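Engineer: I would like to see how this sequence folds:
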Amino acid sequence: MTTRRISVGPKECLQLKKPTTGFLCPIGCSPIEFESFVVSDNNSKRVLFEIRNDVDPDTDLLEPDYYYNDEDVCRAIKYTLNDEMLRLPTISTRLTFTVGYEKPLPNFRMIERHYFKGRLIKSFDFHFGFCIPGSRNSWEAIYDVPPMEEELINDIIANPYETNSDSFFFIEDELVIHNKAKYRYIRTN
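Structural biologist: Residues are numbered from 1 along each chain as shown. Presented below is the predicted three-dimensional model:
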């Protein structure tokens, strides 16, 4: 898989209608290190998914995507998730990360685009704002998930890893991290 070395900003990422074929920035150009990510049902507060860098991941739920080369495999993940996540109206997320810069990190932003069979189905745009240099940060968000028709949900479940996402992280509108994910949803009932 190739890494494009072109200048891409938030505006261009928000216009994407299908997943990127490669990565839009090189690896290792970011002062951000992710420590944990938690997704919960906002109504019941039940944790649906959690990953932490200090604990080995459950390989039944998370695995590297070996489609990519050795350099890029660490930023391409395959998730196995419960189909309940496709039907929840509101979820909460908590992202914990550290800032390695010795200078302030202004205007930290994440854009995440979700696709099914190459078609955009969800898009999120999060603004973290200002981060103190050398700090550990926890960012929580509660947001409504766009509802999907039951027919689409069934199609997603029947087609593992045809749902994917591009996550773009910016510092002052400069792309510094680009991660990719593929999803498999399993029925709970």
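Engineer: host element of the spatially most central residue of the chain?
Structural biologist: Closest residue to the average C-alpha location of the chain: Ser167 at 4.7 Å, with Cα atoms, centre = their mean. Using DSSP states H and E, Ser167 maps to strand 163-171.
Engineer: now for that strand, which elements pack on it?
Structural biologist: Judged by 3 or more Cβ pairs under 8 Å, 6 or more residues apart in numbering; DSSP states H and E, the packing partners of strand 163-171 are helix 10-14, strand 105-116, strand 174-186. All C-beta spots, glycine's among them, are computed from the backbone N, C-alpha and C.
Engineer: mind putting those into JSON lines with mean neighbour count?
Structural biologist: Formatted as JSON lines, the helices and strands packed on strand 163-171 follow (neighbours: other Cβ atoms under 10 Å):
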{"stretch": "helix 10-14", "mean neighbour count": "15"}
{"stretch": "strand 105-116", "mean neighbour count": "19"}
{"stretch": "strand 174-186", "mean neighbour count": "19"}
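Engineer: what ranges does the chain have for its strands?
Structural biologist: Remark: strands assigned in the chain by DSSP state E are 32-41, 47-52, 62-64, 76-82, 90-99, 105-116, 119-131, 136-144, 163-171, 174-186.
Engineer: out of those, which one sits most buried?
Structural biologist: Sort these by mean neighbour count, taking mean count of other Cβ atoms under 10 Å, and strand 163-171 sits at the top with a mean of 21.
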